[in-house]
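Engineer: my questions concern the predicted model and sequence given below.
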Amino acid sequence: MIPLPKRLIAELLGTFWLVLGGCGSAVFAAAVPDLGIGYAGVALAFGLTVLTMAYGLGHISGAHFNPAVTVGVWVGGRFPAGEIIPYIIAQVIGAVLAALLIYWIASGQPGYSLAPNGLAVNGFGELSPHGYGLGSALVTEIVMTFGFLIVILGVTDERAPARFAPLAIGLALTLIHLISIPITNTSVNPARSTGPALVVGGLALQQVWLFWVAPIVGAALAGVVYRLAFSASAPRSEG
């Protein structure tokens, strides 16, 4: 067993990389005139952050990089309750550090302003990229996180093919972003939402509650469903 302090450092670094790569791509590369990567590029960037760090650090900490994932795998019976809070603290610290770095780099551009979406914050209503309301945002984040955790629990099941989990998880996160960036800027990760919101403040910080509640609800539901329906001890159909 890897000692807890080493696993926490891995979670901090992995979450830092996720926010730096994902939110950084949105801030620095998405809106470049004629050459911007757009929503598809940002979606791919988020997927690549998880894929690369899951291969790089997954054998150390399990590569959660997301409080909702930590809660989901605990509900699914694969993570000790006593380590949930330390993991979440490490993840949030990594996200905040990445958001601060993005802001510092972006501030080097003449005329840069920390507008509501200046750090790719998550939000609904005024902060939604296309004006989606609270109800749409809530349902989207619950469903997207539910699907994400079903993929994670499935590909990390001891019965699943080995070595392909990071690829499947990274592609799942890319797909999730392709679907939901227009709605909430895509969270499915409370730490990813908290880092930029703390730096931006204002309405972004007021709305961050949704991006804790909805992902954790979705992840917990997935943990329950997978444990009851698909665990090795679950009844199997003979038909």
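Structural biologist: Arrived safely, thanks for sending.
Engineer: return the backbone torsion pair for the most centrally placed residue in the chain.
Structural biologist: Geometric centre of the chain, nearest residue: Asn189, 3.4 Å, by CA atoms, centre = their mean. When quoted as degrees, to the nearest 10, the phi and psi of Asn189 stand at phi -160, psi 100.
Engineer: residue contacts, it?
Structural biologist: For Asn189, the contact set (CB atoms under 8 Å, 6 or more residues apart in numbering) comprises Leu18, Phe65, Asn66, Pro67, Ala68, Val69, Phe211, Pro215. C-beta here means a position set from N, CA and C on the backbone, and glycine is covered the same way.
Engineer: count of residues packed around the first one?
Structural biologist: Burial of Leu18 is recorded as 28 neighbouring residues (other CB atoms under 10 Å).
Engineer: which helix or strand contains it?
Structural biologist: Using DSSP states H and E, Leu18 maps to helix 4-28.
Engineer: need the max-distance pair from the contacts of Asn189.
Structural biologist: The most widely separated members of those, counting by CB to CB, are Phe65 and Phe211 (15.2 Å).
Engineer: surely Gly76 meets Tyr226?
Structural biologist: Yes - look at Gly76 against Tyr226 with CB atoms under 8 Å: they come within range, at 5.4 Å.
Engineer: overlap in contacts of these two?
Structural biologist: The contact sets of Gly76 and Tyr226 overlap at Leu149, Leu153 (CB under 8 Å, 6+ apart).
Engineer: helices of this structure, start to end?
Structural biologist: For the chain, the helices defined by DSSP state H occupy 4-28, 38-61, 67-75, 84-106, 134-155, 165-184, 190-200, 202-207, 210-229.
Engineer: pLDDT weak spots in the protein?
Structural biologist: Within the chain, the stretches with pLDDT under 70 are 233-239.
Engineer: give me the distance between Ala172 and Leu8.
Structural biologist: Using CB to CB, to the nearest Å, Ala172 is found at 25 Å from Leu8.
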